[in-house]
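Colleague: next come a sequence and a model predicted from it.
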Amino acid sequence: MISRGPLVTWPFDVSVYAGLVLVFFGHAWLARGAPDARRKHTIYLLAGLLTLWVALETPVDTISDRYLDSVHMLQHVLLAFVAPPLLLLGLSRAMAARLVRVPGVRVLTEPVQAQVIAAAVMIAWHAPPLYDATLSNEGLHVVEHLMFIASGVVLYWPIIEATSAQARWQMSPGAKLVYMLLATLPQDGVALALIFSRVPFYEYYTHVPRLIAGFTALIDQTVAGAVLMIVGKVTLAVAALVVFFRWFGAEQAADRGIESKLGVR
């Protein structure tokens with residue numbers, strides 16, 4: 001049954017707060033043995049935890065569960081594409097090196113495996129049977145959210161400097177740019193299906209109360225696809241710009257070094 005309670009309600013899930021606290025203290029434990037840990041790493045971690053909190057413990061959660069697929073998609077973007085890179089930026093090289101000693105971490109975070117895992121999670125959980133099932137089964141919904149977070153961490157691991165340094169396959173800047181381009185394809189596939197469909201994909205949202213007159217389930221679905229396609233690319237675009245300009249800067253520095261050796265002014 002669909003809840004018809006007040007629109008703006010603030011959820012309170014003890015397990016979410018417990019998870020956030022656990023990640024915070026886990027980060028502190030890693031930092032204790034890392035000589036290169038800095039204050040910036042804690043700031044990035046807190047930004048990532050704040051993003052998770054906004055997605056799961058604010059009206060974003062209740063509106064997405066009760067009314068709007070477009071807000072639900074925004075929640076997924078926050079969990080899979082915004083929080084994970086911030087959490088990874090919270091790691092120094094030494095901290096990441098300690099994490100890869102955990103069995104399975106290094107294997108799952110290699111570029112090819114990371115792409116496959118992230119794509120499979122994105123496509124599977126947005127298939128109508130699973131998507132609708134999560135909205136009527138809270139336990140399954142929790143599993144979905146955890147998998148989005150984990151797949152985002154895996155996807156961004158080969159991109160972020162501190163974590164990518166732990167991979168066996170060290171990608172060049174050019175390879176990282178191609179990697180990030182490929183990473184947009186699964187989300188674009190899902191987004192385009194939602195944007196251009198002329199029938200609602202998700203049965204659940206055809207029965208929820210309409211918050212705005214004329215804002216039908218089909219319009220809501222189209223907006224959801226646009227949110228996934230546009231907002232979902234923001235962090236990948238930022239990462240791509242960082243990689244490109246660092247690459248360009250390194251090439252410029254190398255050229256200046258060669259010119260200096262040759263006595264060119």
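Modeller: Cool, got the structure. Just so it is clear, the model here is predicted, and its values are computed rather than measured. Residues are numbered from 1 along each chain as shown.

Colleague: would you agree Ile160 is in contact with Pro85?
Modeller: Yes: the pair Ile160 and Pro85 qualifies as a contact (CB atoms under 8 Å) at a distance of 6.4 Å. Using the backbone N, CA and C atoms, a C-beta is placed for each residue, glycine as well.

Colleague: report how many residues lie close to the closest residue to Val121 other than its chain neighbours.
Modeller: For Val121, ignoring the flanking residues on the chain, the nearest one in space by CB to CB, 6 or more residues apart in numbering is Ser151 at 3.9 Å. Neighbours of Ser151 under the rule other CB atoms under 10 Å: 23.

Colleague: do the same with Phe244
Modeller: Neighbours around Phe244, by other CB under 10 Å: 14.

Colleague: which residue is the nearest non-sequential neighbour of it?
Modeller: Using CB to CB, 6+ apart and skipping the chain neighbours, the partner closest in space to Phe244 is Leu177 (6.6 Å).

Colleague: is it true that that neighbour touches Val242?
Modeller: No: taking CB under 8 Å as the definition, Leu177 is not a contact partner of Val242, at 10.7 Å.

Colleague: more neighbours, those two?
Modeller: Using other CB under 10 Å, the more surrounded residue of Leu177 and Val242 is Leu177, with 18 against 14.

Colleague: what about the more buried one, which helix or strand?
Modeller: According to DSSP states H and E, Leu177 maps onto helix 173-196.

Colleague: quick one: name whatever helix or strand follows that helix.
Modeller: With DSSP H and E, the next secondary element past helix 173-196 is helix 217-230.

Colleague: that next one to helix 173-196, inter-axis angle?
Modeller: Using axes from the mean of the first three to the mean of the last three CA atoms, to 10 degrees, the inter-axis angle of helix 217-230 relative to helix 173-196 is 170 degrees.

Colleague: which positions in helix 217-230 come out as buried?
Modeller: By 16 or more other CB atoms under 10 Å, the buried positions in helix 217-230 come out as 217-218, 220-229.

Colleague: quick one, what contacts Tyr78?
Modeller: If you look again at residue 78, you'll see it is Leu, not Tyr. 51-52, 54-55, 60 (CB atoms under 8 Å, 6 or more residues apart in numbering).

Colleague: could these go into TSV alongside distance to Pro35 and secondary structure?
Modeller: Putting the contacts of Leu78 into TSV (distance: CB to CB, whole Å; DSSP: H, G, I helix; E, B strand; the rest coil) gives the following:
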residue	distance to Pro35	secondary structure
Thr51	28	helix
Leu52	28	helix
Val54	33	helix
Ala55	33	helix
Val60	38	helix
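
Colleague: most neighbours out of those, which is it?
Modeller: Ala55 (24 neighbours).

Colleague: picking that back up, the buried residues of helix 217-230: which two are farthest apart?
Modeller: Greatest spatial distance in the buried residues of helix 217-230: Ala217 and Met229, 18.8 Å, computed using CB to CB.

Colleague: hang on, the earlier thing: and the residue nearest to Phe244, what does it touch?
Modeller: By CB under 8 Å, 6+ apart, the contact set of Leu177 is 240, 243-244.

Colleague: so can I have CSV of these showing distance to Leu99?
Modeller: Below are the contacts of Leu177 laid out as CSV (distance: CB to CB, whole Å):
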residue, distance to Leu99
Ala240, 24
Val243, 22
Phe244, 27
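
Colleague: re the thing from before, who touches both of Ile160 and Pro85?
Modeller: Ala239.
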